[in-house]
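Colleague: The following block contains a protein sequence and its predicted model.
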Amino acid sequence: MTSGIPYSFVPGTKAKADEVNANFLAVLNKIEETNSAKLNVDLSNIDETGKSTLDSKANNKDIDGEWQFCHHSIVDGVSVNGTTALTYDLSAHLPQDENLYEILLSGRVVTTNTNGAYIAALLKSSLMSNNIYLCNARSRASLNATGAGSVIIPLGKDKKLYVARTEEYNGQLILTIDGYRKAR
């Protein structure tokens, strides 16, 4: 028996269902035994600071907040053709505190009326190392094409949102905050 498992198997041989099930039951029983042992920990040697820590309830700063509805236009018809990211400070649209927030963004991109024009909305905050892809559009004729989407993005304490730009994008971006909540 290896590590409390009743049966061991050899590669290339058939395993019997009863033996496999017995192994699973042994593992589940060991997990249950371990969990029960953790519940019966002797706490008599913990000092008053430790006891108050164990007895204390979660701090409100540790709990995610309720979603708050809002509708703030952040970007309206801004070109995303360029070489550097656009930066938007969202402090005016969120509570004035040091908490981290998640925001629900809705966006729409519209290409120029050139055949093959392409545009995408790629967003991030200081908490993120990569961009989040919100939406894109590509025109297939000499007409505008539109794409739309929504995304939840975590904001850092700086409350800044960054929109990626590239010289290959041909069109404009519309972006609104539709909701926010305090995050852990």
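Modeller: Sure, I can see it.
Colleague: alpha carbons only for contacts and neighbour counts from here, please
Modeller: OK.
Colleague: Please name the bridge partners of Lys124.
Modeller: Tyr162 (DSSP bridges).
Colleague: didn't it look like it was pressed against Val163?
Modeller: Yes: contact status for Lys124 versus Val163: in contact at 6.8 Å, counting by Cα atoms under 8 Å.
Colleague: Quick one: the helices in the protein, in order.
Modeller: 17-39, 48-55 (DSSP state H).
Colleague: Least confident of these, on average?
Modeller: Within the helices of the chain, confidence is poorest for helix 48-55, with a mean of 66 (mean pLDDT).
Colleague: Can you pull the poorly scored residue ranges out of this structure?
Modeller: 1-3, 32, 35-44, 50-63 (pLDDT under 70).
Colleague: rerun that using 50 as the cut-off
Modeller: 1 (pLDDT under 50).
Colleague: so where do the strands sit in the chain?
Modeller: 68-79, 86-89, 100-111, 118-125, 132-138, 146-155, 160-163, 171-183 (DSSP state E).
Colleague: Now tabulate the ones you listed in a markdown table and tack on mean neighbour count and distance to Leu28.
Modeller: Below are those laid out as a markdown table (neighbours: other Cα atoms under 10 Å; distance: least, Cα to Cα, whole Å):
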| stretch | mean neighbour count | distance to Leu28 |
| --- | --- | --- |
| strand 68-79 | 14 | 43 |
| strand 86-89 | 14 | 51 |
| strand 100-111 | 22 | 38 |
| strand 118-125 | 23 | 43 |
| strand 132-138 | 20 | 40 |
| strand 146-155 | 18 | 38 |
| strand 160-163 | 18 | 47 |
| strand 171-183 | 21 | 35 |
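Colleague: Now those in TSV, please, with extra columns for distance to Asp18.
Modeller: Putting the strands of the chain into TSV (distance: least, Cα to Cα, whole Å) gives the following:
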stretch	distance to Asp18
strand 68-79	54
strand 86-89	62
strand 100-111	50
strand 118-125	52
strand 132-138	48
strand 146-155	48
strand 160-163	57
strand 171-183	48
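Colleague: Fine by me, thanks again.
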